[in-house]
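Asker: Quick check, what structure comes out for this input:
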Amino acid sequence: MSRLSVPNLEADAGLSGQIYAQIKKAIGSVPNTYAAIAAHGPAALKSVLAADAVLAGGSLSKSDREVIKLVISDAGGCDYCVAAHTHLAKLAGVDPDVLRQIRESEQTGDAKRDALVRFVRKLAQSSGTVSDVDFAAIRTAGYSDAQLVEISLAFATTIFTNVFNRINDTEIDFPAVA
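Answerer: Numbering: from 1, shown residues only. Predicted structure coming up:
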């Protein structure tokens, strides 16, 4: 059970309730992590959602964005986010076997995706420090300067939700990871 209480946000006419209603309208339900953040820090959730909107308007594909978030969550040990981003990556068209390979640090057979996974895993393991060799590898794989900014933004927002979910011990409301 999650550590932070979540009041009935549907009855909240304030900022939390407004954000809750927007999420519910957009995706049909409110994930537990968003409900808890909205209940106690609606401005924080609003900033995460704004960052996700920026990413959605960027040049990384939905599957790349979910792979980035999955790798960061896996490296950070956030079971909630691993479940969430595994599910969302499947919805974005990433094969379940590929997702397993990513979580198990195996090659997927897609050179560009594998370069992205290696780069993001390196970021996660080194608190964002990368060598010239790491930088050259991601550029050689075809990622642009703008996409490096997007990778950084996805990294930052995912670290936030990973840390929040570990603090909260958020109850997982996504399908179990197989």
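
Asker: Which other helices and strands does the top helix by length along the chain contact?
Answerer: Longest helix in the chain, counting residues (DSSP state H): helix 145-168. If contacts are counted by 3 or more CB pairs under 8 Å, 6 or more residues apart in numbering; DSSP states H and E, helix 145-168 sits against helix 32-40, helix 42-56, helix 62-76, helix 79-91, helix 111-125. For the C-beta atoms, the positions are set from N, CA and C on the backbone; glycine is no exception.

Asker: Can you name the residues that contact Arg118?
Answerer: By CB atoms under 8 Å, 6 or more residues apart in numbering, Arg118 lies in contact with Ala137.

Asker: Make JSON lines out of the helices and strands packed on helix 145-168 and add distance to Gln18.
Answerer: Shown next, in JSON lines, are the helices and strands packed on helix 145-168 (distance: least, CB to CB, whole Å):
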{"stretch": "helix 32-40", "distance to Gln18": "9"}
{"stretch": "helix 42-56", "distance to Gln18": "8"}
{"stretch": "helix 62-76", "distance to Gln18": "25"}
{"stretch": "helix 79-91", "distance to Gln18": "23"}
{"stretch": "helix 111-125", "distance to Gln18": "33"}
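
Asker: What separation is there between the residue nearest to the spatial centre of the chain and Gly17?
Answerer: With distances taken as CA atoms, centre = their mean, the residue of the chain nearest its centroid is Lys69 (3.5 Å). Distance of Lys69 to Gly17, computed by CB to CB, to the nearest Å: 27 Å.

Asker: Out of the helices and strands packed on helix 145-168, which gets the lowest mean score?
Answerer: Mean pLDDT is lowest for helix 32-40 out of the helices and strands packed on helix 145-168, coming in at a mean of 90.

Asker: I'd like to know which elements it is packed against.
Answerer: When contacts are defined as 3+ CB pairs under 8 Å, 6+ apart, helix 32-40 packs onto helix 15-27, helix 42-56, helix 79-91, helix 145-168.
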